[in-house]
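Asker: could you look at this predicted model? Sequence included:
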Amino acid sequence: MELTAVALSGGADSALAAHLVAQQRPCLGLFALLSQPNPSREIERVEEICRRLHLSCHVVDLTKPFREKIIRYFINAYRQGLTPNPCMLCNREIKFGLLWEEAQRLGASVMATGHYARVEYNPHLDQHLLYKGLDKGKDQSYFLALLSPKQLSHALFPLGHWQKQEVLKEAIRLGLFTLTAPESQEVCFIRGDYRKLFTDLDFPPGDIITVSGQVVGQHKGLYAYTIGQRRGLGLRLGRPYYVVGLDITHNRLIVGPKKYLYRKEFWAHKLNLLYPLPLQRPFKALVRIRYRHQEAPATVYPEDQTLHIVFDHPQPAITPGQFAVFYRDDLVLGAAEILPQGLLDF
């Protein structure tokens with residue numbers, strides 16, 4: 001029977017995923033040492049989980065490539081006036097990239113994680129396809145949409161059919177919950193404010209302007225702001241103003257009333273296709289522009305090296321640097337990075 005590697009984070013989701021896999025097939029535990037703020041405590045948790053599940057535990061030091069591939073990407077994106085999504089890149093480059101290579105070296109032919117998503121093999125296409133997890137509130141297919149079809153072919157998501165509350169109840173019943181870390185919503189290599197990665201030398205202060213071009217204040221450096229932000233602007237303009245654009249060329253922060261957050265169209269590039277679509281003509285899709293965005297119907301127009309996406313109805317806070325993920329019902333069609341193109345036109 002094939003050996004399965006389980007990527008463990010120290011949390012309840014991956015711990016229960018490991019338990020479910022271990023009930024059915026031989027498996028081993030993997031922990032990726034990245035740039036966690038307290039790695040020794042995380043390693044202790046994972047080792048204890050592996051002991052409880054009678055799994056061998058392997059710690060893989062990926063701190064250097066993580067720093068070069070993910071943290072550098074994170075910082076460079078802000079330098080370009082973009083809002084990065086390091087988790088999506090990490091899944092492709094680190095977890096299902098370098099960590100998977102180590103799993104193969106240890107003899108594994110499949111790698112499982114605690115993601116709430118599903119992979120199903122389609123014999124007619126001879127391809128593995130990515131679907132949403134059945135728990136719609138926890139679905140993490142968005143974060144996996146940069147994986148390649150080849151990476152999906154050796155991926156296993158045991159929690160894809162589970163509800164989060166069921167996972168917690170089962171982890172408690174099995175005595176795994178007390179061994180795990182509290183669930184975090186933060187970027188894994190940062191505790192607290194991401195802005196501590198930057199200095200004033202990286203990002204000089206500049207003007208805050210309205211959509212009509214009026215200077216209304218000074219910003220602290222463009223890295224400190226993101227599209228849709230309302231708090232922390234230090235403005236007293238008589239009504240709420242939001243960040244609606246970052247003009248990296250002129251070092252200006254653009255603000256405006258809420259209506260200026262809504263856009264009907266945007267452009268994206270670097271398409272990662274997970275379903276064989278005919279790109280010679282437009283196609284309909286449900287498009288999600290960030291993890292917590294409710295995907296909305298749109299028409300996608302392929303244009304040479306880019307995609308032109310037009311929503312049926314305007315959507316709020318379309319943010320350059322984030323990823324647009326395309327769905328057909330629960331099926332993930334692909335993903336592309338949102339471009340600044342056209343988003344500074346008011």
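Answerer: Perfect, I can see it now.
Asker: mean confidence score for stretch 104-124?
Answerer: The average pLDDT for stretch 104-124 rounds to 97.
Asker: buried residues, stretch 240-252. List them.
Answerer: Going by neighbour count (16 or more other C-beta atoms under 10 Å), the buried part of stretch 240-252 is 241, 242, 243, 244, 245, 246, 247, 248, 251, 252. For the C-beta atoms, the positions are set from N, CA and C on the backbone; glycine is no exception.
Asker: what is the end-to-end distance of that stretch?
Answerer: Start and end residues of stretch 240-252 are separated by 19 Å (C-alpha to C-alpha, to the nearest Å).
Asker: quick one: residue 286 from residue 330, how far?
Answerer: The gap separating residue 286 from residue 330 is 10 Å, by C-beta to C-beta, to the nearest Å.
Asker: what does residue 271 give?
Answerer: 20 Å.
Asker: please apply the same query to residue 27.
Answerer: Residue 27 sits at a distance of 27 Å from residue 330 (criterion: C-beta to C-beta).
Asker: between those two, point out the one with more neighbours.
Answerer: residue 27 (27 against 17; other C-beta atoms under 10 Å).
Asker: quick check: residue 151 is in a helix.
Answerer: Yes. Under DSSP: H, G, I helix; E, B strand; the rest coil, residue 151 sits within a helix.
Asker: for it, give me its contacts.
Answerer: Residue 151 is in contact with 92, 96, 97, 100, counting by C-beta atoms under 8 Å, 6 or more residues apart in numbering.
Asker: retrieve the pLDDT associated with it.
Answerer: What the model reports as pLDDT for residue 151 is 98.
Asker: kindly report the same for the one 5 residues further on.
Answerer: At residue 156, the pLDDT value in this model is 98.
Asker: for the residue nearest to it when sequence neighbours are not counted, grab the count of nearby residues.
Answerer: Distance criterion C-beta to C-beta, 6 or more residues apart in numbering; nearest residue to residue 156, sequence neighbours excluded, is residue 112 at 4.0 Å. Using other C-beta under 10 Å, the number of residues around residue 112 comes to 27.
Asker: now residue 125
Answerer: 11.
Asker: dump the residue contacts of it.
Answerer: residue 276.
Asker: how far away is residue 120 from residue 128?
Answerer: Remark: distance between residue 120 and residue 128 (C-beta to C-beta) = 7 Å.
Asker: which of these two has more residues huddled nearby?
Answerer: Each of residue 120 and residue 128 has its neighbours counted (other C-beta under 10 Å); residue 128 has more, 18 against 12.
Asker: so that one sits right up against residue 152, yeah?
Answerer: Yes. If you go by C-beta atoms under 8 Å, residue 128 and residue 152 touch, sitting 4.2 Å apart.
Asker: list residues touching both of the two?
Answerer: Joint contacts of residue 128 and residue 152 (C-beta under 8 Å, 6+ apart) are residue 119.
Asker: could you chop the protein up by domain?
Answerer: Listed by automatic domain parsing, the domain ranges of the chain are 4-179, 203-256, 262-338.
Asker: let me see the ranges of the strands in the stretch 1-150 of the chain.
Answerer: Assigned by DSSP state E, counting those that start in this stretch, the strands in the stretch 1-150 of the chain fall at 4-7, 27-33, 57-61, 110-112, 117-122, 127-132.
Asker: what residues does the helix ranked longest in the chain touch?
Answerer: With secondary structure taken from DSSP state H, the chain has its longest helix at helix 39-53. Contacts with helix 39-53, where a contact means C-beta under 8 Å, 6+ apart, come from 8-10, 15, 18-19, 22, 29, 31, 33, 36, 56-57, 59, 175-176, 179-181.
Asker: follow-up on the earlier one: can you lay out the buried residues of stretch 240-252 as TSV showing distance to residue 157?
Answerer: TSV is the format used below for the buried residues of stretch 240-252 (distance: C-beta to C-beta, whole Å):
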residue	distance to residue 157
241	42
242	36
243	35
244	37
245	37
246	35
247	41
248	37
251	43
252	43
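Asker: give me the pLDDT value at residue 193.
Answerer: 66.
Asker: near residue 28, how many other residues are there?
Answerer: Residue 28: 21 surrounding residues under other C-beta under 10 Å.
Asker: I figured it hits residue 3, correct?
Answerer: Yes. Using C-beta under 8 Å, residue 28 makes contact with residue 3 at a distance of 6.9 Å.
Asker: pLDDT below threshold where in the protein?
Answerer: 184-197, 199-201 (pLDDT under 70).
Asker: so residue 221 sits against residue 246, correct?
Answerer: No. Judged on C-beta under 8 Å, residue 221 makes no contact with residue 246 at a distance of 10.7 Å.
Asker: what do residue 28 and residue 3 both touch?
Answerer: Counting by C-beta under 8 Å, 6+ apart, the residues touching both residue 28 and residue 3 are 106, 108.
Asker: follow-up on the earlier one: wait, which of the strands of the stretch 1-150 of the chain is closest to residue 231?
Answerer: Comparison of the strands of the stretch 1-150 of the chain against residue 231 by C-beta to C-beta identifies strand 127-132 as nearest, at 31.6 Å.
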